[in-house]
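# give me a 3D structure for the following:
(chains A and B)
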Number of protein chains: 2
Amino acid sequence: MTDRSEIDTLIDLMARLPGLGPRSARRAVLQLVSKREIQLRPLATAMQRVADTARECLNCGNIGTADVCPVCADEARGNGQICVVEDVADLWAMERSGVFKGRYHVLGGTLSALDAVGPEELRIPQLIRRVEAEEVTEVILALNATVDGQTTAHYIADQLEGRVTLSSLAQGVPIGGELDYLDDGTITAALNARKRM
Amino acid sequence: MTDRSEIDTLIDLMARLPGLGPRSARRAVLQLVSKREIQLRPLATAMQRVADTARECLNCGNIGTADVCPVCADEARGNGQICVVEDVADLWAMERSGVFKGRYHVLGGTLSALDAVGPEELRIPQLIRRVEAEEVTEVILALNATVDGQTTAHYIADQLEGRVTLSSLAQGVPIGGELDYLDDGTITAALNARKRM
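Sure thing, here's the model as predicted:
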């Protein structure tokens, strides 16, 4: 074998990224090496910069470059609504839609007896404190429609019962969805929540 | 939208890697940020190091960290055989098999009238010079079994005709391959090159 240890190290590290395996990591590294100045160096610099500056928002758990993220820092978004999401990827997905004008609370996962994840691990106490401190009127539970997600939603709903309005995302047919490709559970939910036209 | 410009920059750069799109780049960056010390920093450092040290071997075109790659520097591999490959990924694939004990020559692509790639663009003149300078006895054309690869192989064979032994990789049924899943061309090649048992 050739002694290309630095390149091998890079390939090994790239192969640990989600969505890349050893083969695609090799392909990516070869492309990076051949486009050293326009791809490899900027990527190395960007990673270094994110490693130095990225941090969790102390208030909501979003990832940003300051102690308080721009959403929490924006006075206009303190409209009394808090949208509870499982992780930062969900928060970013909500932000891309651009439809929600309130603030967020990132749990960092879901309750799970199997993995020994309890409320303390999930920033749920912080959520309850925020509800008291920020004059919150509505908590929207935007958790994934999985068993763990819904269990967590019910637990939070129990904790906040009577203090604020609680809501969850509507379930039904996705926009552009075809009935033929939907699972029974989605069709059942969509039928039960049917709307008068 | 949140103002997470440094993180956005990193996502955009990651999304340009082969095999990653915007969605998987976001997922990769979120994982990197959450594993900052054990993944993000080592990756940034490895990229910086490769950007600083990686270079093409002046002799064969392999990628390494010195002007002459370890294969070319290894006296034991100067056995008179040169294996011609299209790109560095092919060289690495040959090295992984561990079966070839000679040296390589990376063309950097294939001849292509459509893309205006001629012999000068492909390190073919360097190959001919090496054949004269390195006491080469055999040139193995390990080019891909595509139209462009085979055109390039024929061109090189024409150039070196009479000076060295020329050979190419055998074509046939891959190890573990099932006839039912092979294309007609492969079956034809395997039948024509059948061996007595």
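# ok, now how distant is A:A73 from A:T65?
Between A:A73 and A:T65 the distance is 12 Å, computed by C-beta to C-beta, to the nearest Å. In this view, the C-beta of every residue, glycine as well, is placed from N, C-alpha and C.
# domain-wise, how is chain A divided?
As given by automatic domain parsing, the domain ranges for chain A are A:5-53, A:76-168.
# can you give me phi and psi for A:I175?
Main-chain dihedrals, A:I175, degrees, to the nearest 10: phi -60, psi 130.
# kindly report the same for the one 4 residues further on.
Backbone dihedrals for A:L179, given as degrees, to the nearest 10, come out at phi -50, psi -40.
# now A:D183
When read as degrees, to the nearest 10, the backbone of A:D183 gives phi -80, psi 160.
# what bits of chain A have low per-residue confidence?
For chain A, the stretches with pLDDT under 70 are A:1-4.
# any chance you could map the strands in it?
A:55-56, A:63-64, A:81-85, A:103-106, A:138-141, A:165-168 (DSSP state E).
# of the ones you listed, flag the one that's most buried.
Mean neighbour count (mean count of other C-beta atoms under 10 Å in any protein chain shown) peaks for strand A:103-106 among those, with a mean of 26.
# what comes into contact with that strand?
A:59-62, A:71-72, A:77-78, A:81-88, A:90-91, A:94, A:123, A:126-127, A:130, A:134 (C-beta atoms under 8 Å, 6 or more residues apart in numbering or on different chains).
# distance to A:L182 for the strands of chain A - can I get that in CSV?
Listed next are the strands of chain A as CSV, based on distance: least, C-beta to C-beta, whole Å:
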stretch, distance to A:L182
strand A:55-56, 36
strand A:63-64, 33
strand A:81-85, 24
strand A:103-106, 29
strand A:138-141, 23
strand A:165-168, 19
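# if we can go back for a sec, can you tell me which of the domains of chain A is nearest to B:Q39?
B:Q39 lies closest to domain A:5-53 among the domains of chain A, at 6.6 Å (C-beta to C-beta).
# chain center to that closest one: distance?
Relative to its chain's centre, domain A:5-53 lies at 24 Å (C-alpha atoms, centre = their mean, to the nearest Å).
# end-to-end on it?
From its first residue to its last, domain A:5-53 covers 29 Å (C-alpha to C-alpha, to the nearest Å).
# and stretch A:82-90, by the same measure?
End to end - C-alpha to C-alpha - stretch A:82-90 spans 14 Å.
# list the contacts of it.
By C-beta under 8 Å, 6+ apart, the surrounding residues in contact with stretch A:82-90 are A:61-63, A:91, A:94, A:100, A:102-110, A:127, A:130-131, A:134, A:136, A:138-144, A:149, A:152, A:156, B:26-27, B:30.
# among those, which ones are buried?
Buried members of the contacts of stretch A:82-90, counted by 16 or more other C-beta atoms under 10 Å in any protein chain shown: A:61-63, A:91, A:94, A:100, A:102-110, A:127, A:130-131, A:136, A:139-144, A:149, A:152, A:156, B:26-27, B:30.
# surely A:G172 touches A:A189?
Yes: with contacts defined as C-beta atoms under 8 Å, A:G172 counts as touching A:A189 at a distance of 6.2 Å.
# ok so, going back, among the contacts of strand A:103-106, which are in helices?
A:71-72, A:88, A:90-91, A:94, A:126-127, A:130 (DSSP state H).
# check those residues and tell me the two furthest apart.
Greatest spacing in the ones in helices among the contacts of strand A:103-106, by C-beta to C-beta: A:M94 and A:Q126 (18.8 Å).
# measure how buried A:A73 is and give me the count.
Neighbour count for A:A73, taken as other C-beta atoms under 10 Å in any protein chain shown: 16.
# residues near the closest residue to it other than its chain neighbours, how many?
Distances taken as C-beta to C-beta, 6 or more residues apart in numbering or on different chains place A:A66 nearest to A:A73, at 7.4 Å, with adjacent residues excluded. When neighbours are counted by other C-beta under 10 Å, A:A66 registers 14.
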